[in-house]
Each structure stands twice: as structure tokens, then as C-alpha cells.
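# Structure for the following, please:
(one chain, ligands or ions: 1)
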Amino acid sequence: MAKTFTPAPWPRKLRSQEWFGGTGKDAIYHRGWMRNQGFPPDLFDGRPVIAVMNTFSELTPCNAHMGPLVEKVKNGVYEAGGFPVEVPAFSTSESGFRPTAMMFRNLAAMSVEEQLRGLPIDGAVLMVGCDKTTPSLLMAAASTDVPSIVVTGGPMLNGWFHGERVGSGTHLWRFSEEVRAGHMTIDEFLEAEGAMSRSAGSCNTMGTASSMASMTEALGMALSGNAAIPAVDSRRRMMAQMTGRRIVQMVKDDLKPSDIMTKEAFENAIRTNAAVGGSTNAVIHLLALAGRLGVDLTLDDWDRCGRDVPTIVNLMPSGNYLMEEFFYAGGLPVVLKRLGEDGLLHRDAITVSGRSVWDEVKEVRNWNEDVILPRDRALTSSGGIAVLKGNLAPKGSVLKPSAATPELMVHRGRAVVFESIDDYKARIGDEALDIDETCVMVLKNCGPKGYPGMAEVGNMGLPPKVLRKGITDMVRISDARMSGTAYGTVVLHCAPEAAVGGPLAIVRDGDMIELDVPNRRLHLDVPEAEIARRLAAWEPSHDRPASGYAWLHHEHVQQADTGADLDFLNGSRGNPVGRESH
Ligand code: FES
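Below is the predicted model:
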């Protein structure tokens, strides 16, 4: 039973009045500087001040179109009697940030948390889209517990190339493999580049951005229907305006992230991720988010909740279609309704609308059963992220069944080990490499500390000599992540990671490895005494950053099994109004 919510009495004094309220010197100081922007004095009269947290950046292309959406949000806030202020937020570009955007998710969360706490803000609209922008701002909202609502930038329109749909990321990996196998020319690859991203928006596959948009909606942190609306559809702008209207009432009601993101809401999100064939990255982000809220969520919850959920959304990388068709079919509300009908949804979990998730979705219809499949045509009957444990990953690892090859789900093979991603890149194309399709590719030192930042390199491309045989999948194991747009029988997030001496660190070429997904087992078939001997002799090999954020991250990042947050950011710190006065 989800907890019930009782709106706070209104009117009452809001936190922004600690800055703007009254006739004293401090109030005049705070209002006076703000009025250099031409704001009329009545905007400071105690109405909700709404921060529109904008992750726009021209170097975050998936979020570069936020400007008009921000204006719509502001219109909505004004209409509802609030005072909107646009605030730039740290923008984590998935396609551009090095060494990897994941290293900066926590920095973005930390910076936005301090903005929400240190500025005269009563509520926030989180304008996000590209992968890490969504969890980072949600984590900030969770840590401050300021009333918050998400509106995503929306996915790109379908890409098309030579008459076929082109999925963001998914086809990049596919075309790259075809080039390496000699089935596609470089000129064709370059031509395809122009077809991949044909409109503003985030990745159009059920990659991490779309998965996190879906998680946000399933958690109840966005208005119903938000996740799938294409970035350039006029209804995306309408959604922004409606979101602006809604946050004002949320502030008046004091409807906070902790009221919405309960354990039940997280379980709804986990099941939703299984139903949509969502990204493995959602595991890391939801664990970190739950950690900020003090919600007891574990890797085992992912396995438990997702196991019986069929994948019914036929989107790449698991299926055939893209977010545009998902929207036309009815989008996430149809999926939530299906989960509710099948007893897989906490129906009474409250959402940002103030209504239950079931009330939001119970009347919707599925308009395309090729896109949102009927139960008897599910892509896989057990679509949840599989959590694998064993002597190779004592604290767990994950695999996405809907993106894997069924024949490889139980597999025993000889390890071919790459000590780092550079080692992999240097040797994978070598025709003399002793590898065939029965082998298990092992990649080390790509976890939270080792890379650093836990890059999306776990879906290592196959060796050319295997690709030339027409083989498209092999078992791969690492402590890395993988893009939500990628596919394959890929075991990820091995914890503890190799760089801190996890068992992955002592795997050697020729060791036999057993993968048994039905029994959730990942086993290094080496005698225990030999494993102990190797672990005792292990020494760290990665470079430790000497200073800067890289040092902070290295010293404090936690392992993947708890969400790779920084240890000192766990938990909520609330939103006290601070101390400065003049
Ligand atoms: Fe930004 Fe995929 S790279 S959403």
C-alpha cells in the first residue's frame, strides 16, 4: 500500500520569502538586484518561485532545443500564479563528455542540489533529456526534497537510411560492425551519419535517455504521457506548459519528491523498465536515486521485480520500432495500464499530478499492437534485468535478457582477457588473436574507479574474423556499462570492479567461465585456492588522479551495485534556507 498524501494548507510562507519577504534591508537587497531584470514588485509577494533548471548546451546536442520549451514552462508557471526563473544547470553530454559523462552525473547532481538549496527557490521544473541529465537532476531534487517535476526534451524523430529505420546508437554499432566485417563501405557509413539524427531531441531508441524518461514517468515524477512525445511535436511544447502550471500547485500543496518516490514507485519503475526493454543504466541511476531518498532499494529488488515482467514494447535495441511509433501507439501510459491489469503495478502510488498512477492511465488505449505487443507476442517473457552473482561478481552484475541471444544465456567458454579498453582496441583487430565465437571476452578496469567513471564500453565489438563468419554475438563480461542503445549477451557492472581488486581482476586467458542466466550465476571455473593465491598477489594498476574533481570522484565513488554515487552524497540533506544577511 503506497503512502497517502495530504496537501499542506495554503496560503503559507514559502522559503523564497526568507530572501524576498518584508521591508528590511535584506529583502530590499535581494529584491533590488532581481529587479534589474524588469520584474514587477508583485512577483515577490509570496507566490511560489519556480526554478526552471535548464540543461541546455550546444555541446549537449540532445538538449540543445530546450529554449522554446523553457518559455512554455514559464508561461505555465505565470498562468498558475507563480514566478518562474530560468537557472542553467550542469549539462552532461553523453555524446561528448570525456572521459565519460557518467563521471559527471554526481558532479551535476551535487551542483544542482546546491543551487536548489542555496537560492530562493520553492519548486523546480527539471528540464532534462540526454542520458545523465535526467538522473543527476532527479538526484539533486531528492537530496533537497524541494517540490520538483520533470519535463524531458523528448526523443528525435525516426532516422531513415536506404528505406530502413535508423535507431540512435543501435545502428551506429550495427553499421560499425558491418564495416569491420566488410559488408558496408566507409562511404555508405558516412552517408548514414547524416540520416541518424534528423531532428532535435534525444536518442530515438529505447536507450538510456528514453529509458530514464520512462523511469521518471513510472516513478510519478513527470506528467502522464511525457516520456514519448517527440521533441519537435507541438504536444511536447504543450506538455511543457502544463508542467509549468502543475509545479505551482505542487508547491502550494507541498508535494515533495519524497512523497512520490517511495519504494512502491521504484518497484513500478523497475517493472516498467522490464516491460519497455529499458537500459541497464537505469539500474545504476535508480539505485543512486533511491540512496538519496533513503529508500531501501537493492540489486536484488531489480531481479525480483523484473523477473516475471514480459518485454512488450517493440523498440530498438530489443525490437524493431522507435520512440516516434511508441508515442503514436499511446506511449508509456499504455504500458503502465498493462502492468496494472496484470497485477504488476502499485496502482495507488501518487504522481506529480496529485492523482494515483492508476487514475492517470486506466482509460488509455493501445493504438498499435505491433509496437506495444499483446501478452502472447512479448519479445521475451522475462524481460527484467537479470542480476547475476558468483565468484566473478560477488556483489552482482547485470545482463539485459531482451537484448541478448537466447542460445548464449547458458554458456561455458574460454576467457580471452583484455586488461583495459586500450588493450582491447590494440588487439581486437589482430588476425592472430586466439579467439573464436565460443570464447568469453573479458574486459577489466572499466568500472567506476578504473576507467574512471565506468564508461559505456562493455559491449565490445567482436573480432573481425568472427564477424566475417556472420556471427553477431558473443558472451562478453566486464565491470563497464553499456549504452542503452546497444545489444548482445553482455554481462555488465561486475562488482567489485577490477580496479579495486574484484575477482574480475585475476581472470587470465584460457580460464573457463560459466554463464547461467536462468540460475543467475556467473562462475570462474578455477580452483578456489588458485583464486585466493591470485587475489593475494594482485596489485592495483590504474592511475590515481592527483587533484581536481577526478580525485574527488576516485576517492569517493561507490561500486556499481549501490549506484556509483559519491559516498558523502548518500541520503537527503533537505532545504534549510541558509544564513547570509546584511
Ligand atoms: Fe544524448 Fe543519446 S546521446 S540521449
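
# shaky segments in the stretch 51-200 of the chain?
Across the stretch 51-200 of the chain, nothing is flagged by pLDDT under 70.

# Show me which residues of it sit near the ligand.
62, 94-95, 130-131, 168 (Cβ under 6 Å from any ligand atom). In short, each C-beta sits where N, CA and C put it, glycine included.

# repeat that for 5 Å
62, 94-95, 130 (Cβ under 5 Å from any ligand atom).

# hmm, which helix or strand of this protein has the shakiest average pLDDT?
Lowest on mean pLDDT, DSSP states H and E among the helices and strands of the chain sits helix 170-180, with a mean of 92.

# mind listing what's buried in the helix or strand following it?
Later in the chain than helix 170-180, the nearest helix or strand by DSSP states H and E is helix 186-196. Across helix 186-196, burial judged by 16 or more other Cβ atoms under 10 Å covers 192, 195-196.

# Out of those, flag the one nearest to the ligand.
M196 (10.7 Å; Cβ to the nearest ligand atom).

# is the residue lying closest to that closest one once chain neighbours are set aside in a bridge, and if so with what?
Beyond its immediate neighbours in the sequence, the residue positioned closest to M196 (Cβ to Cβ, 6 or more residues apart in numbering) is G159, lying 4.9 Å away. Counting by DSSP bridges, G159 forms beta bridges with V166.

# so V352 makes contact with R246?
Yes. The pair V352 / R246 is scored as a contact, 6.3 Å apart, by Cβ atoms under 8 Å.

# higher neighbour count, these two?
V352 (28 against 23; other Cβ atoms under 10 Å).

# which residues does the residue nearest to that one when sequence neighbours are not counted bridge with?
Spatial nearest neighbour of V352, excluding adjacent residues (Cβ to Cβ, 6+ apart): I149 at 4.7 Å. For I149, the beta-bridge partners are V125 (DSSP bridges).

# For I149, which residues are in contact?
By Cβ atoms under 8 Å, 6 or more residues apart in numbering, I149 lies in contact with 123-126, 221-223, 243, 246-247, 250, 352.

# ok, now with 6 Å
125, 243, 247, 352 (Cβ atoms under 6 Å, 6 or more residues apart in numbering).

# cool, M221 as well?
Contacts of M221 (Cβ under 6 Å, 6+ apart): V150.

# Show the backbone phi and psi for it.
For M221, the backbone dihedrals (degrees, to the nearest 10) come out as phi -100, psi 0.

# Distance of it relative to the ligand?
Using Cβ to the nearest ligand atom, to the nearest Å, one gets 18 Å for the distance from M221 to the ligand.

# packing partners for the lengthiest strand in the chain?
Using DSSP state E, we find that the single longest strand of the chain is strand 410-418. Secondary-structure packing of strand 410-418 (3 or more Cβ pairs under 6 Å, 6 or more residues apart in numbering; DSSP states H and E): strand 440-443, strand 512-516.

# Any chance you could list what contacts the last one?
What it means is strand 512-516. By Cβ under 6 Å, 6+ apart, the residues outside strand 512-516 that reach it are 410-412, 415, 440, 475, 523-525.

# same question, the shortest one
Residues from elsewhere that reach strand 440-443, judged by Cβ under 6 Å, 6+ apart: 413, 415-418, 424, 460, 475-478, 507, 513.

# Just the mean pLDDT for that strand, thanks.
Strand 440-443 shows a mean pLDDT of 98.

# Paired strands for it, with orientation please.
Applying DSSP bridges, one finds strand 440-443 paired with strand 410-418 (parallel), strand 475-478 (parallel).

# now do the last one
Under the criterion DSSP bridges, strand 512-516 sits next to strand 410-418 (antiparallel), strand 521-524 (antiparallel) in its sheet.

# in the longest one, what counts as buried?
Judged by neighbour count using 16+ other Cβ under 10 Å, the buried positions of strand 410-418 are 411, 413, 415-418.

# do stretch 540-551 as well
Neighbour-count burial for stretch 540-551, counted by 16+ other Cβ under 10 Å, picks out 542, 550.

# which one of the buried residues of strand 410-418 sits closest to the ligand?
Once Cβ to the nearest ligand atom is applied, the member of those that ends up nearest the ligand is F418, at 24.9 Å.

# nearest residue to the closest one other than its sequence neighbours?
Y424 (3.9 Å).

# Any idea how far the longest strand of the chain is from the middle of the chain?
Chain-centre distance of strand 410-418: 29 Å, with Cα atoms, centre = their mean, to the nearest Å.

# try stretch 345-353
For stretch 345-353, the gap between its own C-alpha mean and the chain's C-alpha mean amounts to 21 Å (Cα atoms, centre = their mean).

# Next: stretch 546-558.
22 Å.

# what does stretch 226-243 give?
20 Å.

# do that stretch and the ligand meet?
No. Residues of stretch 226-243 are not located near the ligand by Cβ under 5 Å from any ligand atom, the shortest gap being 10.5 Å.

# Okay, buried residues for that stretch please.
226-233, 236-237, 239-243.

# Stretch 4-16 - what's its average pLDDT?
95.

# Please identify the buried residues of it?
Quick answer for stretch 4-16 (16+ other Cβ under 10 Å): 14-16.

# can you list contacts of that stretch?
Contacts to stretch 4-16, defined as Cβ under 6 Å, 6+ apart, come from residues 49, 120, 122, 252-254, 259, 350, 577.

# got the end-to-end distance for that stretch?
Length of stretch 4-16, first residue to last, Cα to Cα, to the nearest Å: 27 Å.

# Next: stretch 310-325.
The first and final residues of stretch 310-325 sit 19 Å from each other (Cα to Cα).

# With distance to D145 and mean pLDDT added, can I get the strands paired with strand 512-516 in a markdown table?
Shown next, in a markdown table, are the strands paired with strand 512-516 (distance: least, Cβ to Cβ, whole Å; pLDDT from 0 to 100):
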| stretch | distance to D145 | mean pLDDT |
| --- | --- | --- |
| strand 410-418 | 43 | 98 |
| strand 521-524 | 38 | 98 |
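
# How confident was the prediction at M1?
At M1, pLDDT is 63.

# my guess is V557 meets G450, correct?
No. Taking contacts as Cβ atoms under 6 Å, V557 lies outside contact range of G450: 10.4 Å.

# Of those two, give the one with the bigger neighbour count.
Neighbour totals were compared for V557 and G450, and G450 leads with 27 against 22 (other Cβ under 10 Å).

# residues contacting the more buried one?
With Cβ under 6 Å, 6+ apart, G450 has these contacts: 497, 499, 542.
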